[in-house]
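A.B. asks: Any chance you could fold what I've pasted below:
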Amino acid sequence: MRRERRRTLRRGWATAVVVVTAVLFVPQTSAVPRYNDYCNVCHGAFTDATSPGGTVFPQDSKHQMHRSSQFMNTDCNLCHTTGDQNNPFIAQSNGTANNPGVGCTGCHGRDYGGTVGSSGVGLRARHALHGITTCGFCHLEDPPPLPENVLPIYYGTPDTNVGEACNESGLENWSIGDLVGLDNDGDGYYDGNDADCGVLGDINCDDLLDPADVEAFVLALIDPEGHQTLYGECDILKADFDYNGEVNGSDAQGFIDALIE
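C.D. replies: All right, here's what the predicted structure looks like:
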C-alpha cells in the first residue's frame with residue numbers, strides 16, 4: 001500500500017514537472033493573433049466597409065482595397081496563410097519569394113529586430129493615443145516607435161503598389177475621402193504632415209518653418225491653385241493643422257502657434 005502510494009506521488013510530481021515545463025517554455029504567441037480576434041470590434045470584418053475614420057473603401061471592402069490591381073495590388077500571400085478565410089493573422093502569413101511572411105505588420109508595423117522583430121509598435125501607440133490601451137498591457141516593454149519615414153517591410157517591393165512611407169506623391173490615399181494617409185509611428189501626425197517627413201507648416205517647402213511661410217500660407221488659404229502654381233509639388237496639406245483634409249481658417253491658429261514656438 002505504502003509502495004503504491006509512493007508510485008502515485010512520483011507519477012503526480014512527474015506530471016506536474018511536465019506541465020510546468022510546458023507552461024514556462026511554450027513559444028510566445030500574440031494575444032491578438034488574427035484580425036477577427038479583436039481588430040474587427042472597431043474596424044469591422046476584413047471584407048466589409050466599416051471605417052472608424054469615416055472614409056469609404058473601394059468596392060465597400062477593405063479586402064478589395066488591399067487586393068485589387070486598381071489600388072494596392074497586394075499579393076495574397078503577404079497577408080494570408082493557407083485557408084485562413086479572410087481572417088488574416090496579424091504577424092504571420094505565407095510570404096513570397098520577395099518578402100517574409102509577417103502578415104499585417106508588414107505594412108502596419110516595422111522591423112525592430114532582436115526579440116521584438118516585425119511588430120506594430122507604432123500601431124499600439126496610435127491606439128493608446130486614442131485611449132485604447134488593451135494591447136499595451138502585454139507590451140509594456142515596447143521600444144519607441146520608429147519614425148514615420150522608415151519604410152515598413154513590404155513597402156516598395158514587387159508584391160504591392162505601396163511604396164511611400166510619407167506618401168510623397170499623394171497617390172497612396174487608397175480609401176475614398178482619405179486625405180491624410182497612415183500614422184505608422186503613432187504620434188498623431190499622418191504621413192507628410194509628420195515632422196519626420198518634413199516640417200508641418202513648411203508650406204513653401206524650403207525645409208524650414210519661418211516667416212517666409214506666412215505668404216505661402218495666406219496664398220494656400222485664399223488661392224490654392226495659385227499656391228500650386230507658385231510652389232509646384234509642395235503639399236498644401238502641410239498647413240492642415242487640424243487634420244480635416246483641407247486648409248482653411250481653422251488651421252490659422254495652429255500655424256501661428258507653430259511659427260512662434
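A.B. asks: can you pull the contacts of the closest residue to residue 231 other than its chain neighbours?
C.D. replies: Distances taken as CB to CB, 6 or more residues apart in numbering place residue 204 nearest to residue 231, at 5.7 Å, with adjacent residues excluded. For glycine as for every other residue, the C-beta is placed from the backbone atoms N, C-alpha and C. Going by CB atoms under 8 Å, 6 or more residues apart in numbering, residue 204 touches 212-213, 215-216, 231, 234.
A.B. asks: Just the buried ones out of the residues you listed, please.
C.D. replies: 213, 216, 231, 234 (16 or more other CB atoms under 10 Å).
A.B. asks: Now flag whichever of those residues is closest to residue 38.
C.D. replies: Nearest to residue 38 out of the buried ones among the contacts of residue 204 is residue 234 (CB to CB; 39.7 Å).
A.B. asks: nearest residue to the closest one other than its sequence neighbours?
C.D. replies: Residue 234's closest residue in space is residue 205 (CB to CB, 6+ apart), at 3.6 Å.
A.B. asks: would you list every one of the helices in the protein?
C.D. replies: For the chain, the helices defined by DSSP state H occupy 2-25, 39-43, 62-67, 76-79, 105-108, 121-129, 212-222, 224-231, 252-260.
A.B. asks: where in the stretch 51-200 of the chain is pLDDT low?
C.D. replies: Low-confidence regions of the stretch 51-200 of the chain, defined here as pLDDT under 70, do not occur.
A.B. asks: Can you show me the strands along it?
C.D. replies: Using DSSP state E, counting those that start in this stretch, the strands of the stretch 51-200 of the chain run over 110-111, 118-119.
A.B. asks: so which of the buried ones among the contacts of residue 204 comes closest to residue 57?
C.D. replies: residue 234 (29.1 Å).
A.B. asks: Quick check: phi and psi on the closest one?
C.D. replies: Dihedral pair for residue 234: phi -60, psi 120, per degrees, to the nearest 10.
A.B. asks: where's it relative to residue 48, distance?
C.D. replies: Distance of residue 234 to residue 48, computed by CB to CB, to the nearest Å: 37 Å.
A.B. asks: what's the answer for residue 203, then?
C.D. replies: Per CB to CB, residue 203 is found 38 Å from residue 48.
A.B. asks: again, but for residue 34
C.D. replies: Residue 34 is 16 Å from residue 48, by CB to CB.
A.B. asks: Compare those two and say which is more crowded by neighbours.
C.D. replies: Relative neighbour count places residue 34 above the other of residue 34 and residue 48, with 20 against 14, counting by other CB atoms under 10 Å.
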